[in-house]
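# Give me a model of this one.
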Amino acid sequence: MTTPSDPGLSAIMSERRQLINVAYRLLGSLAEAEDAVQETYARWYAMSRQQQDAIQSPGAWLTTVTSRICLNLLGSARSRRETYVGEWLPEPLPERTEWVTSDTMADPADRVTLDESVNLAFLVVLESMTPAERVAFILHDVFCHSFAEVAEIVGRTPAACRQLASSARRRVRAARPSATPAAQRAGVVRDFKQAWQAKDIDALIGLLDPDATAIADGGGSAVTFLHPIEGGERIAHAWIELAGRVMNNMTFLERTVNGQPGLVAQEDGIIVTVFAFEVVDDRIKRIWVVRNPDKLRRWTTG
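Sure thing, here's the model as predicted:
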């Protein structure tokens, strides 16, 4: 096995952040992404030095293996999510400065670059794709791999991979809202928080799109609503009812969620809920509520 004194070690390990970034976008779960990358490195170090030296581009080899592992995981994830309690949402990520894992700071190499390709709205759209579509789209459109490289990973022809990415691209375009400036999105989320805390139902209704949807993920480990709530008025009434039950015991703070304005709820100084929003113009179109504690391990306890 390669030792820390091996001059090639730093080059191999320098790929870790890139692999984590690829795997998180492919899987929507940082925990699963880390497992996939760990398995990739296990396969690398299981090879002899001669086998490693024969690989012309270790970075490309690592990316290929990670992507194939993720492709297999995506196939099995579909069957697992059929038995998931309630709705399944991607794992939300805080700002990098806030990441913790139990009692130690996360390895900087494990931190995901927060850009448009990891906001919750984008990740939710990715969930509607087939595994092959998702891999082709992420590797080509987000990470700029050629279709020849993608074809080697998914086991299709380059032309077929081009079609997969094109199909995925259409889904993304159809779901992409009009661009709303970040400051405006943050202002809408702040107004929502204030109206919620004031239990002002008229203000909440005014901030919600009439066709808004709220989706919660408790995974059977935390109490929440199991089915999506459709319609701005219904969401407003549900949030007012919730306020009557939790406002005295929780503190609500504005935080960045996957690079976008969001909210968190703290109970006894511990974050127990993360709220992500899709804001279109000056109204909230989607609310995603993550309460599954397994998906909140990266958040600061304040």
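# Do you have the strands of the stretch 151-300 of the chain handy? List them.
208-217, 229-230, 251-257, 260-267, 270-280, 283-290 (DSSP state E, counting those that start in this stretch).
# Following the least confident helix or strand in the chain by mean pLDDT in sequence, what is the next regular element?
In the chain, no helix or strand scores lower on mean pLDDT, DSSP states H and E than strand 104-105, which sits at a mean of 40. Going down the chain from strand 104-105, the next helix or strand is helix 120-127, by DSSP states H and E.
# Just the buried positions in that following helix, please.
Using 16 or more other CB atoms under 10 Å as the test for burial, helix 120-127 gives 120-126. Just so you know, the C-beta spots here come from the backbone N, C-alpha and C atoms, and that holds for glycine as well.
# all helices for the chain, in order.
Along the chain, the stretches classed as helices by DSSP state H are 9-13, 16-27, 30-46, 49-53, 58-82, 120-127, 131-137, 147-154, 158-175, 182-197, 201-207, 232-246.
# Please work out the average pLDDT along the fourth one.
The reference is to helix 49-53. Taken as a whole, helix 49-53 has a mean pLDDT of 93.
# same deal with the second one?
Helix 16-27 carries an average pLDDT of 95.
# That one packs against which elements?
Secondary-structure packing of helix 16-27 (3 or more CB pairs under 8 Å, 6 or more residues apart in numbering; DSSP states H and E): helix 30-46, helix 58-82.
# Please repeat the previous calculation with a cut-off of 10 Å.
Helix 16-27 is packed against helix 30-46, helix 58-82, helix 120-127, helix 131-137, with contacts defined by 3 or more CB pairs under 10 Å, 6 or more residues apart in numbering; DSSP states H and E.
# Most tightly packed of those?
Burial of those is given as mean neighbour count (mean count of other CB atoms under 10 Å); helix 131-137 ranks first at a mean of 25.
# The nearest residue to His140 once chain neighbours are set aside and Arg173: what is the separation?
Of all residues not flanking His140 in the chain, Ala165 sits nearest, at 4.9 Å (CB to CB, 6 or more residues apart in numbering). Distance, Ala165 to Arg173, using CB to CB, to the nearest Å: 12 Å.
# Of the two, which one has the most company?
Neighbour count, other CB atoms under 10 Å: between Ala165 and Arg173, Ala165 has more, with 22 against 9.
# So the more buried one sits against Cys144, correct?
No - with contacts defined as CB atoms under 10 Å, Ala165 does not count as touching Cys144, sitting 11.8 Å away.
# And Pro228, how far from Asp217?
11 Å.
# and what of Ser79?
Distance, Ser79 to Asp217, by CB to CB: 18 Å.
# Please apply the same query to Arg297.
Per CB to CB, Arg297 is found 14 Å from Asp217.
# Ok, Ala33 next?
17 Å.
# repeat for Ala121
From Ala121 to Asp217 the distance is 15 Å (CB to CB).
# With Ser76 instead?
For Ser76 relative to Asp217 (CB to CB), the value is 19 Å.
# Need the residue in this structure that's farthest from the chain's center.
Distance from the C-alpha centroid of the chain peaks at Gln50, with 37.8 Å (CA atoms, centre = their mean).
# Could you tell me how far it is located from Gly59?
Going from Gln50 to Gly59 by CB to CB gives 19 Å.
# between Arg297 and Asp217, who's got more neighbours?
Of the pair Arg297 and Asp217, Asp217 is the one with more neighbours under other CB under 10 Å, namely 24 against 14.
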